[in-house]
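[1] here's a sequence, model it:
(4 chains)
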There are 4 protein chains.
Amino acid sequence: MRKTIIVEKEDVELKNPILIEGLPGLGMVGKITVKYLIKQLKAKKFAELYSPHFAYYVLVNDKGSIKLLNNEFYYWKNDAGGCDLILLTGDSQAQTIEGQYEVADSIIELASKKNVSMLITVGGYRRDVVDTPQVLASATSPEALKKALEAGSLINPPGNPVVGAAGLLLGLAKFKGIEGVCLLGETPGYIPDPKAAKSILVILMRMLNLKLDLTDIDKEIAKIVEMEEKMRKIEEQRKAAEREIRRIEEEKISYIG
Amino acid sequence: MRKTIIVEKEDVELKNPILIEGLPGLGMVGKITVKYLIKQLKAKKFAELYSPHFAYYVLVNDKGSIKLLNNEFYYWKNDAGGCDLILLTGDSQAQTIEGQYEVADSIIELASKKNVSMLITVGGYRRDVVDTPQVLASATSPEALKKALEAGSLINPPGNPVVGAAGLLLGLAKFKGIEGVCLLGETPGYIPDPKAAKSILVILMRMLNLKLDLTDIDKEIAKIVEMEEKMRKIEEQRKAAEREIRRIEEEKISYIG
Amino acid sequence: MRKTIIVEKEDVELKNPILIEGLPGLGMVGKITVKYLIKQLKAKKFAELYSPHFAYYVLVNDKGSIKLLNNEFYYWKNDAGGCDLILLTGDSQAQTIEGQYEVADSIIELASKKNVSMLITVGGYRRDVVDTPQVLASATSPEALKKALEAGSLINPPGNPVVGAAGLLLGLAKFKGIEGVCLLGETPGYIPDPKAAKSILVILMRMLNLKLDLTDIDKEIAKIVEMEEKMRKIEEQRKAAEREIRRIEEEKISYIG
Amino acid sequence: MRKTIIVEKEDVELKNPILIEGLPGLGMVGKITVKYLIKQLKAKKFAELYSPHFAYYVLVNDKGSIKLLNNEFYYWKNDAGGCDLILLTGDSQAQTIEGQYEVADSIIELASKKNVSMLITVGGYRRDVVDTPQVLASATSPEALKKALEAGSLINPPGNPVVGAAGLLLGLAKFKGIEGVCLLGETPGYIPDPKAAKSILVILMRMLNLKLDLTDIDKEIAKIVEMEEKMRKIEEQRKAAEREIRRIEEEKISYIG
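    Numbering: from 1, shown residues only, chains lettered A, B, ... in the order given. Alright, predicted model coming up:
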């Protein structure tokens, strides 16, 4: 493989599809969001993207099966009459500057071919979060932004660029006349963050009039909270132990002194 | 996008145009200079350059609007009868060696197509500056250099290469038979430096017989001077505080001793 | 040379050939394994691969002869009636991401042209080894994996990607419908490790019903064991000397005290 | 410019030309050697090579004149009846792996077009040198090597690769059936080293039956020797000063004590 390629497994007809992209990135927020949509909507895979700009290794699963890194496109037919969805997630983003542009370009070409009416990119925004993470929106036009704001997101603070696929896809979309919105969930970003993903899912539900069961992501959040709680306790014990050691050493010194 | 492209919005006819380039670089001198020219001359945008060699992120402005990194070409019709101007500035330079050559190549192609009679590149030259920054000139021919020197610039010291677009554009211009001059304003280079930009504007006014109102750039310079003065005071207070702490500690030691 | 090229010296007809790849990598396990097969089977070279993605230097041998880095393909005709073999080893792997994909692509094209029925890639797996190194297998299909497990290898632990040619070749093989297995010998990896290579040779002998004389690799292992033993002794002497110095210094201190 | 190009200024007919390459590298040995040949033989420039893989800056000379980095080809007609010469030197080598291969490829294409009968590459070999630097030779064939050895060079020690153009050109030459020799002069390598260059010139004079006046390079060597002597003295004074400071401080301590 010398160029990015998209292998279409099925030639699906879609109605005004909206493409939602969530690839690995800060706090894995984008990937968690889109994988959750795929699972809840029982979306079907119809295309795979491969690129010589992904990392040069293969993944091995727990059955010893080898997988070349890729991005995958799923579709969901909206029987309620609204727009159909194309959901894009995957193992990796491109590793170089030119690779990022080439991969984004391939995705936009497919989107254009499928007459995508709107592109929504999803990711994380690094920030210490107190309670419920906010969702920060930017867009290719005031109209597109308005939809995201009406659904409860806040305007993205200026100055911070949107890095990687979530940004580039929207930047390149305008060459094909496709409107787009970027939704970033606030996240400290150092571990996978389903809480930020949930905040985005709530916005998407309102924007797209989607019905989603959020029970499973609540379970994921509970697990992470539990894990963080455990880590906090271990850290406390470690600190207490350190204090005790210091106390004993000080006693020794005063004893010797 | 897989190659650098220039999207022309308007097919303008220009009279012996001179292209002035000022892209982000040392002290932002080039960009400040050309942006000032665009504003003062009320130049109009007619083309945009995009490249997969720019950084892979998009900018977000204070209205949440997304912008793909680009370079922009403006034109100004010289009603006084002299040469028309093409003004080139933008968000970014290419991030790789090959990218630098490819982008410069695309710019030279447009310049050639528009029958550019002279190319002037503008940037910063790293140097501690006491008072008014000097402008250092180099050129593709002795005749071109002479014009810059007669306008008050000094000859560029040998040995220091001219890095990036300001240099490469001139190096590549000769393949199309276009003459060129590089004007570098002396600047410490660690913050945006309107003072160095002003020095270049003065040279350009003389070289091109341009009339420019410099009031606004003087205001910019005043702001920077004020900011630097504040920073100097804060630094002095910090040092005074440190001296006081040291004094008290020394007293303690001599007391204990 | 601007693209990876394969120069075929001889147009050999091969019977259901199996391609075994072993290029430089961790502990040189892959390269030692395949070079041993070439030598023992008296395989003949029939093609050379060159690439602008290899390092930009040439090798000099002990006769002052210059050699451009390459990968080499050998063949072995299986007179016992089983599959013929193509053996691939070389001086280098590609140095960049895109290069790794381009080189792997060229190899897969040749494999496809030669109707390769199975691809086996060989390398090292970083791990502290107590006694006999295990061989860890992954594959492109459960059937392919089964063959490797029946021959005595263990299933590759999930999570660790297979990096470089050993992984990418298998990932790309599926585009040509070629099945493949990856065999990694456990190795600490910091020096050439014939012991890990021998473990893989034993698995290959069973999988492919090959008869190999292992006397020479046992000699290689004995040499390495001897060398390691010497290094261990030198290290012990160094430590003993350090202890002695410390003892003397402590005596001095207590004497002075 | 998007690919390496060679601009031929003159279409010269040459008799069995031998190409001698010396580009910037260790101790500048190659470049000094070939520039000396060009000057002494009064060779004429006939072609220039430009590449997007050179560094992205332009040089400025002491007259403020701008120069794009390039490599230059000179020719010398051998009136004594032997082979004509093509001499290749320049400002830079390519900055990336693929660039090194692409540039070398372009040079070999020109060499092939000009029916070059032999390629000699020249450079430095890092080594502490006591007296006269040796010249270390490697070659594409035993016959080619023999000529270099008979002229007084030694066989290149195995194991050390020949990095950059000096190596790659020879590695790629064989694809066009061109024989080649690499001559490396021993040099500590940290400053321009005319002494190593002279050693190579002596070998070249014998190999090619060339008559060269070496007076000028002897002057260069004398200058370097003088400069090194000065640096040695400054270093000695610095050390003496340090010893004196230490002595005084020790006196202070013993006085206080």
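[2] A:Leu14 is in contact with A:Tyr75, correct?
    Yes - applying CB atoms under 8 Å as the test, A:Tyr75 and A:Leu14 come out as touching, 6.0 Å apart. Every residue, glycine included, has its C-beta placed from N, CA and C.
[3] list residues touching both of those two?
    Shared contacts of A:Tyr75 and A:Leu14 (CB atoms under 8 Å, 6 or more residues apart in numbering or on different chains): A:84, A:86.
[4] off-centre distance for the longest helix seen in chain A?
    Secondary structure of chain A per DSSP state H: the longest helix is helix A:215-256. Taking CA atoms, centre = their mean, to the nearest Å, one finds the center of helix A:215-256 at 31 Å from the center of the full chain.
[5] that helix packs against which elements?
    helix A:29-41, helix A:194-208 (3 or more CB pairs under 8 Å, 6 or more residues apart in numbering or on different chains; DSSP states H and E).
[6] go with 7 Å
    When contacts are defined as 3 or more CB pairs under 7 Å, 6 or more residues apart in numbering or on different chains; DSSP states H and E, helix A:215-256 sits against helix A:194-208.
[7] how about the helix it packs on: buried residues?
    A:194-204, A:207-208 (16 or more other CB atoms under 10 Å in any protein chain shown).
[8] identify the farthest-apart pair in those residues.
    Spanning the widest gap among these are A:Lys195 and A:Leu208, at 20.8 Å by CB to CB.
[9] count of neighbours near the nearest residue to A:Gly171 once chain neighbours are set aside?
    In space, and not counting its chain neighbours, A:Gly171 is closest to B:Leu68: 3.1 Å by CB to CB, 6 or more residues apart in numbering or on different chains. Burial of B:Leu68 is recorded as 23 neighbouring residues (other CB atoms under 10 Å in any protein chain shown).
[10] who's in contact with B:Leu68?
    A:171-172, B:50, B:58 (CB atoms under 7 Å, 6 or more residues apart in numbering or on different chains).
[11] interface residues of the stretch 1-150 of chain A facing chain B?
    A:97-98, A:100-102, A:105, A:137-140, A:145 (CB under 7 Å from any CB of the partner chain).
[12] and A:Asn16, what is it in contact with?
    A:83-84, A:117.
[13] for it, which three-state class applies?
    Per DSSP: H, G, I helix; E, B strand; the rest coil, the secondary structure class of A:Asn16 is coil.
[14] check the gap between it and A:Ala111 for me.
    Distance from A:Asn16 to A:Ala111, counting by CB to CB, to the nearest Å: 12 Å.
[15] same question, A:Val162
    Taking CB to CB, one finds A:Val162 at 18 Å from A:Ala111.
[16] what's the answer for A:Lys174, then?
    For A:Lys174 relative to A:Ala111 (CB to CB), the value is 12 Å.
[17] so for those two, which sits in the more crowded spot?
    Between A:Lys174 and A:Ala111, A:Ala111 has the larger neighbour count (other CB under 10 Å), namely 26 against 16.
[18] which SS class is the residue nearest to that one when sequence neighbours are not counted?
    Excluding the flanking residues, the one nearest A:Ala111 by CB to CB, 6+ apart is A:Leu19, at 5.2 Å. At A:Leu19, secondary structure determined by three-state DSSP is strand.
[19] mind listing what A:Leu19 touches?
    Listed by CB under 7 Å, 6+ apart, the contact set of A:Leu19 reads A:86, A:88, A:111, A:116, A:119.
[20] which among the residues you listed gets closest to C:Glu229?
    Closest to C:Glu229, out of all of the contacts of A:Leu19 and judged by CB to CB, is A:Leu88, at 56.5 Å.
[21] quick one: that closest one is in a strand?
    Yes - the assignment for A:Leu88 is a strand, going by three-state DSSP.
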